[in-house]
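> No letters, just coordinates:
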């Protein structure tokens, strides 16, 4: 079953889980993540490290490398940025994944296909966050 980005985001809102505000909420032990000023900065510390993308299906798992954190300048009260990942060819379809990292823990992100080249397929996960919003475990 293919889930669109709109359906995925709608289900998060309906479940009351629309607060994807950064690593401390993702980690099982937030103290393992350095205290950095913004969610984008927390991810910036993880550039060039591996994440494991997995879906609920057994064995459906692929390694992704976080290539960069792209900050978007947005006047106002939002912190906006994208995470760009590189994955092996033909391993992932666009959609929601549980992303696991040895330091950051696990989170659910929607991965959208960005581009493809000889190195593999690039995916992005977009964030629009309210700075300073606290999350709970």
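All right, it came through fine. It should be emphasised that the depicted structure is a prediction, and the values quoted were computed from it without experimental measurement.
> In the protein, where is pLDDT below threshold?
1-37, 58-59, 132-137 (pLDDT under 70).
> Quick one: the strands in it, in order.
Applying DSSP state E to the chain gives strands spanning 50-54, 61-72, 79-87, 95-101, 105-117, 120-129.
> Show residues contacting the third one.
In this case it means strand 79-87. Defining contact as Cβ atoms under 8 Å, 6 or more residues apart in numbering, one finds that strand 79-87 is touched by 38-40, 43, 51, 53, 62-72, 74, 109, 111, 114, 119-131. For the C-beta atoms, the positions are set from N, CA and C on the backbone; glycine is no exception.
> Show me just the buried residues among those residues.
Among those, those classed as buried by 16 or more other Cβ atoms under 10 Å are 38-40, 43, 51, 53, 62, 64, 66-69, 109, 111, 114, 120-127, 129.
> Next up, the contacts around the closest residue to residue 115 other than its chain neighbours.
Sequence neighbours aside, residue 122 is the residue nearest to residue 115 in space, at 4.8 Å (criterion: Cβ to Cβ, 6 or more residues apart in numbering). By Cβ under 8 Å, 6+ apart, residue 122 lies in contact with 67, 84, 85, 86, 87, 113, 114, 115, 116.
> Top of those by number of neighbours, please.
residue 85 (26 neighbours; other Cβ atoms under 10 Å).
> so what's it closest to, chain neighbours aside?
Leaving aside its chain neighbours, residue 85 sits nearest to residue 64 (4.1 Å; criterion: Cβ to Cβ, 6+ apart).
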